[in-house]
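**Student:** The amino acid sequence is not available; the structure is as follows:
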């Protein structure tokens, strides 16, 4: 019987789809179909059409109900965005999700419209963790998805929202980077846009713009950052030609506030130009630029994907 290493260094003895590298699953829902009692944990995944070797992904397989909202599970962990008051504003080492939105891989200033930083590049980050910054690069770049879920409170994995299903995109990297990450323009050419201006989604493939305005199912957790939002804005980020002095960019931020694009907030918040910088992984306030926390809050948000096809 094979052994499977799960979260928190626990070991569970299992022997079904995804439990061995020689028998990978294409996605988490296939594991549930193979064994409805499969526990949450690390599984071997090899997406359909992927030519590389199988890789491990932590999967939430169990369903969950809160405030009359039931989620059936089948989620795959692709990344964690963490921030603490001990790490001040503008600390690149602890703020990779935000810093590189305006930087190239060498750390040089780069505000170009095809640069989405760690959200659209192929650079891995950290090791499997629900509390520390982490990007599962093989999963991020290769697992098709139709939905995104966000959990807060680190390893408590408190589900706060998941998006309605969209047309399948080939990976999380493409979800944030439009039709061709790294080569197409992904930022909004609209510096007057407010967070409540429209319910339309302007993604994506023909123009390369990665902005999405997605309806969500909320677990009504009253989270500091996402605030029981009914919709989620993805890549609410200003293009270079909209403000030559600086670009205000919020990668994941709640819909509904009258605050405009020039007020950064959410996950991956950055306002930089060639001479000044203001960025942090998690910004819990709508403000002219990311700043320090005044309440001692600590944040660890995990990002999960699901393919409903």
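**Tutor:** Cool, the structure landed. Here the structure is a predicted model, which is why all the values come from computation and not from measurement.
**Student:** Tell me the buried residues in the host helix or strand of residue 215?
**Tutor:** According to DSSP states H and E, residue 215 maps onto strand 212-218. By neighbour count with 16 or more other C-beta atoms under 10 Å, strand 212-218 contains the buried residues 212, 213, 214, 216, 218. Using the backbone N, CA and C atoms, a C-beta is placed for each residue, glycine as well.
**Student:** so who does the fourth one touch?
**Tutor:** If a contact means C-beta atoms under 8 Å, 6 or more residues apart in numbering, then residue 216 has 161, 162, 163, 164, 229, 230, 231, 232 as its contacts.
**Student:** Out of those, which end up buried?
**Tutor:** 161, 162, 163, 229, 231, 232.
**Student:** Out of those, flag the one nearest to residue 266.
**Tutor:** residue 232 (9.1 Å; C-beta to C-beta).
**Student:** Which pLDDT value belongs to residue 9?
**Tutor:** Residue 9 carries a pLDDT value of 37.
**Student:** what ranges of the stretch 151-300 of the chain fall below the confidence cut-off?
**Tutor:** Residue ranges of the stretch 151-300 of the chain with pLDDT under 70: 191-192, 198-208, 274-275, 295-296.
**Student:** go again using 50 as the cut-off
**Tutor:** By pLDDT under 50, the low-scoring segments of the stretch 151-300 of the chain are 203-206, 208.
**Student:** residue ranges for the strands of it, please.
**Tutor:** 158-163, 212-218, 231-237, 247-254, 264-272, 277-287, 299-306 (DSSP state E, counting those that start in this stretch).
**Student:** mind putting those strands in CSV, distance to residue 183 included?
**Tutor:** Output for the strands of the stretch 151-300 of the chain, formatted as CSV (distance: least, C-beta to C-beta, whole Å):
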stretch, distance to residue 183
strand 158-163, 25
strand 212-218, 19
strand 231-237, 16
strand 247-254, 19
strand 264-272, 20
strand 277-287, 24
strand 299-306, 23
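**Student:** Select, out of these, the one closest to residue 137.
**Tutor:** Nearest of the strands of the stretch 151-300 of the chain (C-beta to C-beta): strand 299-306, 13.4 Å.
**Student:** how far does the closest one sit from the chain's center?
**Tutor:** Per C-alpha atoms, centre = their mean, to the nearest Å, the displacement of strand 299-306 from the mean C-alpha position of its chain is 6 Å.
**Student:** the inter-axis angle of that strand versus strand 247-254?
**Tutor:** 70 degrees (axes from the mean of the first three to the mean of the last three C-alpha atoms, to 10 degrees).
**Student:** Just checking: what are the partner strands of strand 299-306?
**Tutor:** strand 75-83 (antiparallel), strand 147-152 (antiparallel) (DSSP bridges).
**Student:** continuing past the longest one, what's the next helix or strand?
**Tutor:** This points to strand 75-83. helix 96-99.
**Student:** And the helix or strand following that next one, what does it pack against?
**Tutor:** Using DSSP H and E, the helix or strand that follows helix 96-99 in sequence is strand 134-135. Judged by 3 or more C-beta pairs under 8 Å, 6 or more residues apart in numbering; DSSP states H and E, strand 134-135 is in contact with strand 75-83.
**Student:** Provide the contact partners of stretch 185-195 at residue level.
**Tutor:** Contacts of stretch 185-195 (C-beta under 8 Å, 6+ apart): 113-114, 116, 120, 176-178, 202, 207-211, 233, 235-243, 247, 249, 253-262.
**Student:** Please disregard the earlier target; I meant stretch 266-280.
**Tutor:** 81, 83, 87, 89-90, 95, 97-99, 101-102, 109, 111, 117, 119, 225-226, 233, 236, 245-254, 264, 281-283, 288-291, 301.
**Student:** Put the buried members of those into a PyMOL selection.
**Tutor:** Buried residues within the contacts of stretch 266-280, by 16+ other C-beta under 10 Å, are selected in PyMOL with:
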select buried, resi 81+83+87+89+90+95+97+98+99+101+102+111+117+119+225+226+233+236+246+247+248+249+250+251+252+253+254+264+281+282+283+289+290+291+301
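**Student:** Distance of the closest residue to residue 26 other than its chain neighbours relative to residue 152?
**Tutor:** Spatially, and ignoring its direct neighbours in sequence, residue 26 is nearest to residue 48 (5.0 Å; C-beta to C-beta, 6 or more residues apart in numbering). According to C-beta to C-beta, to the nearest Å, residue 48 stands 31 Å off from residue 152.
**Student:** Mind putting the contacts of residue 216 into TSV with distance to residue 17?
**Tutor:** Below are the contacts of residue 216 laid out as TSV (distance: C-beta to C-beta, whole Å):
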residue	distance to residue 17
161	28
162	23
163	26
164	28
229	35
230	36
231	35
232	31
